[in-house]
Each structure stands twice: as C-alpha cells, then as structure tokens.
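Undergrad: Here is my input, please return the structure:
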Amino acid sequence: MTPQTPSADAPLAQPMAIQKPMNVVIRTLLKTPGIAGGVGKRLITLHVVGRKSGRHIDVPVAYTVHGDSILVGTPFAWGRNLRTGEPLEVTYKGKRRTADVLVAKDETDVVALLDVMCRDNHQFAKFNKVGLDGSGNPQPDDMRRAWEHGARVFKLTLR
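TA: This next block holds a predicted model:
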C-alpha cells in the first residue's frame, strides 16, 4: 500500500485559523532565554529552507524525545523539504543547533513513531486526530489514516 496524496481530501490535521500569528509569538518565546526552557518542553523550532523556492520558514512544532533522537511529525507540505542525510537547523531549548535528519515515510515506520509521539503527547494526538483509549493507547486505524493523508515523522539527532 502506498500513501495517498491529500489532493481532494483535506488532511486530517488542520492548521488553526490563527496559526500564523500564534507561530510568531511561539517562535519568539522559544528564542527567549529563561522562557524557552518552559515553553520548549514540548516545542522545537525547525528552520526549514524550501527545496524549490529557497524560502526560509521557521516552524514551531511539537516534539518527543525518543532515545537519542527527537521525533517530529507532520502531514503538512513543509515536511517535504526535509531529506534524510541533509542537516537541519533547529532551535531547541533556546539554542540554535544543527540536527541530522532521518525521514520515516513508509507506513510501518510512521505508524510506529506516531504511536510513540501520541503516547507521550496527548495534545499532539488530538491535533492529528488520533484517538486514545482509556489507557492512553493511540488508535492504530487513526495513525494509519494520518499516514494515508501524508503524515511523516522525522528523527532528528542533535549535533
């Protein structure tokens, strides 16, 4: 089975109407010493460069620490700019760092890593429309549907 490109169907996760102004505020907080540690417990800023446009976008996203890696998941188009083996600049806990990237895009890997992220961060699960049972276990069908709608997970290793 291959993932479907979400052309006619909207992705399950949808940006909030006030996402752009909120991102400006969040990015500022994530760069502010003393505040970044608190806000940055669940958020990291990715400094993404468009592969075709060359445009720089700073994207604050939820993350989960998993072993020696930081997991970030998204169904949104900016994720297509990240490639395995191509370093990425991130702001993590108030400090700009370089991270090595490993892109998970096949169904088995994405579902397994979404499972880790959803168990760790129930807000991430809710935003991505992944239901949780009474024990906090993510619904496998919801994670599979997120993958079908373009969700990818990125394993970042900070240098």
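
Undergrad: helices or strands next to the longest strand along the chain in the packing?
TA: Secondary structure of the chain per DSSP state E: the longest strand is strand 95-104. Packing contacts for strand 95-104, counted by 3 or more CB pairs under 8 Å, 6 or more residues apart in numbering; DSSP states H and E, involve strand 88-92, strand 152-158. Heads up, the C-betas are built off the backbone N, CA and C, glycines and all.

Undergrad: Can you give the strand pairings for the longest one, parallel or anti for each?
TA: Partners of strand 152-158 in the sheet, by DSSP bridges, are strand 69-74 (antiparallel), strand 95-104 (antiparallel).

Undergrad: Ranking those strands by mean neighbour count, which comes first?
TA: Most buried of the strands paired with strand 152-158, by mean neighbour count (mean count of other CB atoms under 10 Å): strand 69-74, with a mean of 22.

Undergrad: ok and that strand relative to strand 88-92, angle-wise?
TA: With axes from the mean of the first three to the mean of the last three CA atoms, to 10 degrees applied, the angle from strand 69-74 to strand 88-92 works out at 100 degrees.

Undergrad: mean confidence score for strand 69-74?
TA: Per-residue pLDDT over strand 69-74 has a mean of 97.

Undergrad: Beyond the helix or strand bottoming out on mean pLDDT in the chain, next helix or strand please.
TA: Using mean pLDDT, DSSP states H and E, helix 36-39 stands out as the lowest-scoring helix or strand of the chain, at a mean of 69. Next along the chain after helix 36-39, taking DSSP states H and E as the criterion, comes strand 43-49.

Undergrad: How far away from the center of its chain is that following strand?
TA: Here the centre of strand 43-49 is set off from its chain's centre by 9 Å, with CA atoms, centre = their mean, to the nearest Å.

Undergrad: cool, stretch 127-142 as well?
TA: 17 Å.

Undergrad: elements contacting whichever helix or strand comes after the longest strand of the chain?
TA: Counting by DSSP H and E, the element after strand 95-104 in chain order, helix or strand, is helix 107-120. Contact analysis of helix 107-120 by 3+ CB pairs under 8 Å, 6+ apart lists strand 64-66, strand 69-74, helix 122-127, helix 140-148, strand 152-158 as its packing neighbours.
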